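> Make a model of this:
(2 chains, ligands or ions: 2)
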Amino acid sequence: MARGSVLLSVPEMMEWGLRGPAVPRRRALRLRVLSIVLFLGAWSLAAGIVQAAGLFNPIFLPGPWLVLGKVLAMAVQGELWAHVGATLGRVAIGFSTGAALALLLGLPAGHVRAVRNLVEPVVELLRPIPPLAVLPLFIVWIGIGESAKAGFITYATFFPMFLTTVHAVRQIDPLLIRAAQSLGARPRQLFFRVILPAALPEILTGLRLGVALSFFVIVISEFIAAEQGLGFLINDGRSFFLVPQMLGAAVLLGVLGYAGNALVRLVERRVARWQQAV
Amino acid sequence: MKIQVQRVSKSFTADGRRTPALVDIDLDVADRELICLLGPSGCGKSTLLNIVAGFLEPTSGTILVDGRPVTGPGADRGVVFQEYVLFPWLTVQGNVEFGLTLKGVPADERRRIARRYLELVGLVQHAQKFPVQLSGGMKQRVAIARALANAPSIILMDEPFGALDAQTREILQEELGRIQRVEHKTILFVTHSIREAVYLADRVVVMTSAPGRIKQIFAIKLPETRDRFAPEFTQYESEITRVVKEEVAKVHE
Ligand SMILES: Nc1ncnc2c1ncn2[C@@H]1O[C@H](COP(=O)(O)OP(=O)(O)OP(=O)(O)O)[C@@H](O)[C@H]1O
Ligand SMILES: [Mg+2]
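Residues are numbered from 1 along each chain as shown, chains lettered A, B, ... in the order given. Ligands and ions are numbered 1, 2, ... in the order given. Next up is the predicted model:
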């Protein structure tokens, strides 16, 4: 096969699927771009066919250019930024509170059995309740203000981040702890110089989960009670059949979620340099 | 006496049943002495080492180090594990400096000390690598350098070369022998290899099959630099082999 071709032989393709991009960087990038281009192409084609054949009212499936146009228009008029800002602000506050609580409780719970026995039963009791089931409760308790929406994100993201943190600490090789102790580590040093760095990679995986979940749940609380935010834009669009606005807001949510994920990955790559140093 | 093991017994409770692992171990280790522990698998060698390290508490009896009872792990007793336990998030140098960092030794002095011990184990050019980038033998050399850099007076080694190939193993034995002639540590060294024991030890302690007791102690009266093919060497080897075999046979009865 010609070098640089975007098509891969089957075994290469399988390896890519299994292990991530084992293909050279540039070819991987080209494939990734191609994937997006193909998707947009298919979307345009579907929208075009609907319009040409008059299958159903074309306002239900606008092509990507219409969606992009709508987003750009809202951006130029300035109303978009208030919505993006509102959503981002709620996610930032809700997520960081959730992450702080998860670390504050999860690290000691992973390390000290007594703390674990104290905290874990309550978590295990509450965790199976789908977070959405308690959203109305949040609104009843703290009203439809900003704190309800941020608090709801905190509530929903706390559980997975707490559990990954506890697990991250518990799976630390006990020999690492013994090695540090026989080098003279006191409890405080043990915590900051061994337990924290040893647990960090898995904790960061948990944080990425939390970021994704934040965007997942913020939309729903913005559906129910908000005058601003990307979730509001979607719900507002629904009432007036403004499909480009709905899709535009959805795409933006996707982009923000992706960026949040990339941000944590960046941190991961910095702090877990040793893992990639193969 | 550097280490005094006084009537130490240890039982483990599993499934509600107490099983003795060590019974009435008495052993005095002199300063700068290198003791090798031999015995059938499961006879309690690691248990004894872990008690001296302070990781386990004996069921009865006491361990004195420099006359003071051991109450937990401490920087005076360095440990080298069979499993090449390094801190994977630190470089080779960071690992060797770890104990010094805990003590608050300034950075330039840490670097100087780390360099000295990396030289001793022949790894200076790998100082900036991470443990994942090293072979098993290199990892174990880092672990030895890390233990030495912390300047403990005692080093406890549990089958440190157990998982290495025969050649690397002999090289590291020679390295340890050479280091010991410079550093003069008190070393408790667990092994399954009789050759290794005769090559390294001042005294070889042979334990009985479980529950472990001390069966016999051999003082190895050979020159500091040892020749594995000398007749005296092979003499010790076969003598100790005979005693160890009796105990191993009991395990399989
Ligand atoms: N934490 C533990 N809980 C219960 N039993 C244990 C524990 N640690 C060791 N034992 C038991 O104590 C006995 C001695 O174990 P130990 O690991 O000290 O043997 P060993 O001489 O080091 O063996 P090997 O040569 O195979 O390493 C064994 O019967 C083992 O099953
Ligand atoms: Mg053992």
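> Where does the prediction get shaky in chain A?
A:1-24, A:276-278 (pLDDT under 70).
> Quick check, the residue in it closest to ligand 1?
residue A:174 (10.9 Å; C-beta to the nearest ligand atom). In short, each C-beta sits where N, CA and C put it, glycine included.
> tally of neighbours for that residue?
9 (other C-beta atoms under 10 Å in any protein chain shown).
> just how off-centre is stretch A:74-89 within its chain?
How far stretch A:74-89 lies from its chain's middle: 20 Å, per C-alpha atoms, centre = their mean, to the nearest Å.
> buried sites along it?
Neighbour-count burial for stretch A:74-89, counted by 16 or more other C-beta atoms under 10 Å in any protein chain shown, picks out A:74, A:80, A:83-84, A:86-88.
> Quick check: of these, which lies closest to chain B?
Closest approach to chain B among the buried residues of stretch A:74-89 (C-beta to the nearest C-beta): residue A:88, at 31.8 Å.
> Is the closest one located within a helix, as I assumed?
Yes. The assignment for residue A:88, made by DSSP: H, G, I helix; E, B strand; the rest coil, places it in a helix.
> now the nearest residue to it once chain neighbours are set aside, what's its secondary structure?
In space, not counting the residues next to it along the chain, residue A:88 is nearest to residue A:256; the distance is 6.8 Å by C-beta to C-beta, 6 or more residues apart in numbering or on different chains. Secondary structure assignment for residue A:256 (three-state DSSP): helix.
> cool, and residue B:62?
strand.
> quick one: it from chain A, how far?
Counting by C-beta to the nearest C-beta, to the nearest Å, the separation of residue B:62 from chain A is 19 Å.
> pLDDT of stretch B:184-201, averaged?
Mean pLDDT, computed over stretch B:184-201, is 94.
> sorry, that was for stretch B:33-41
94.
> Repeat that for stretch B:138-157.
For stretch B:138-157, mean pLDDT rounds to 94.
> And stretch B:96-114, by the same measure?
pLDDT averaged over stretch B:96-114 gives 96.
> With only the CA atoms kept, save that stretch in PDB.
The C-alpha atoms that make up stretch B:96-114 are tabulated as PDB, following Å, rounded to 0.1, in the frame of the first residue of the first chain:
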ATOM      1  CA  VAL B  96      18.100   7.300  45.300                       C
ATOM      2  CA  GLU B  97      17.600  10.700  46.900                       C
ATOM      3  CA  PHE B  98      14.200   9.800  48.400                       C
ATOM      4  CA  GLY B  99      15.400   9.100  52.000                       C
ATOM      5  CA  LEU B 100      17.700  12.100  52.000                       C
ATOM      6  CA  THR B 101      14.800  14.300  50.800                       C
ATOM      7  CA  LEU B 102      12.700  13.100  53.700                       C
ATOM      8  CA  LYS B 103      15.500  14.100  56.100                       C
ATOM      9  CA  GLY B 104      15.700  17.600  54.500                       C
ATOM     10  CA  VAL B 105      19.200  17.200  53.100                       C
ATOM     11  CA  PRO B 106      19.900  20.200  50.700                       C
ATOM     12  CA  ALA B 107      19.600  19.500  47.000                       C
ATOM     13  CA  ASP B 108      23.200  19.800  46.000                       C
ATOM     14  CA  GLU B 109      24.400  17.400  48.800                       C
ATOM     15  CA  ARG B 110      21.600  15.000  47.800                       C
ATOM     16  CA  ARG B 111      22.800  15.000  44.300                       C
ATOM     17  CA  ARG B 112      26.400  14.400  45.300                       C
ATOM     18  CA  ILE B 113      25.400  11.500  47.500                       C
ATOM     19  CA  ALA B 114      23.100  10.000  44.900                       C
END
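> Would you agree residue A:98 is in contact with residue A:160?
No. Contact criterion C-beta atoms under 8 Å: residue A:98 and residue A:160 do not qualify, at 9.3 Å.
> Tell me which of the two has more neighbours.
Using other C-beta under 10 Å as the criterion, residue A:98 and residue A:160 rank with residue A:98 on top: 26 against 18.
> Which one of the residues in the stretch 151-253 of chain B is closest to ligand 1?
For the stretch 151-253 of chain B, C-beta to the nearest ligand atom, closest residue to ligand 1: residue B:210, 5.2 Å.
> Surely that residue forms part of a strand?
No. Using three-state DSSP, the secondary structure at residue B:210 is coil, not a strand.
> Provide a list of residues in contact with it.
Listed by C-beta atoms under 8 Å, 6 or more residues apart in numbering or on different chains, the contact set of residue B:210 reads B:20-21, B:40, B:42-44, B:251.
> mind redoing it with 10 Å?
B:19-23, B:39-44, B:47, B:247, B:250-251 (C-beta atoms under 10 Å, 6 or more residues apart in numbering or on different chains).
> Could you find the closest non-adjacent residue to the closest residue to chain B within the stretch 101-250 of chain A?
Proximity of the stretch 101-250 of chain A to chain B (C-beta to the nearest C-beta) peaks at residue A:184, 3.2 Å away. Leaving aside its sequence neighbours, residue A:184 sits nearest to residue B:75 (C-beta to C-beta, 6+ apart; 3.2 Å).
> My read is that that neighbour contacts residue B:150, right?
Yes. Taking C-beta atoms under 10 Å as the definition, residue B:75 is a contact partner of residue B:150 at 5.9 Å.
> Residues that sit against both of these two, list them.
A:182-184, B:99, B:102-103.
> how much space between the spatially closest residue to residue A:257 that is not a sequence neighbour and residue A:256?
Using C-beta to C-beta, 6+ apart and skipping the chain neighbours, the partner closest in space to residue A:257 is residue A:215 (4.3 Å). Separation of residue A:215 from residue A:256 (C-beta to C-beta, to the nearest Å): 6 Å.
> Of these two, which one has the most company?
For residue A:215 versus residue A:256, neighbours defined as other C-beta under 10 Å are more numerous around residue A:215 (22 against 19).
> In a helix, the more buried one, correct?
Yes. Per three-state DSSP, residue A:215 lies within a helix segment.
> Whichever helix or strand residue B:119 is part of - contacts with which helices or strands?
Take DSSP states H and E as the rule and residue B:119 turns out to sit in helix B:107-120. Under the contact criterion of 3 or more C-beta pairs under 10 Å, 6 or more residues apart in numbering or on different chains; DSSP states H and E, helix B:107-120 touches helix B:92-103, helix B:136-149, helix B:166-183.
> Can I get those in CSV including distance to ligand 1?
Listed next are the helices and strands packed on helix B:107-120 as CSV, based on distance: least, C-beta to the nearest ligand atom, whole Å:
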stretch, distance to ligand 1
helix B:92-103, 25
helix B:136-149, 17
helix B:166-183, 16
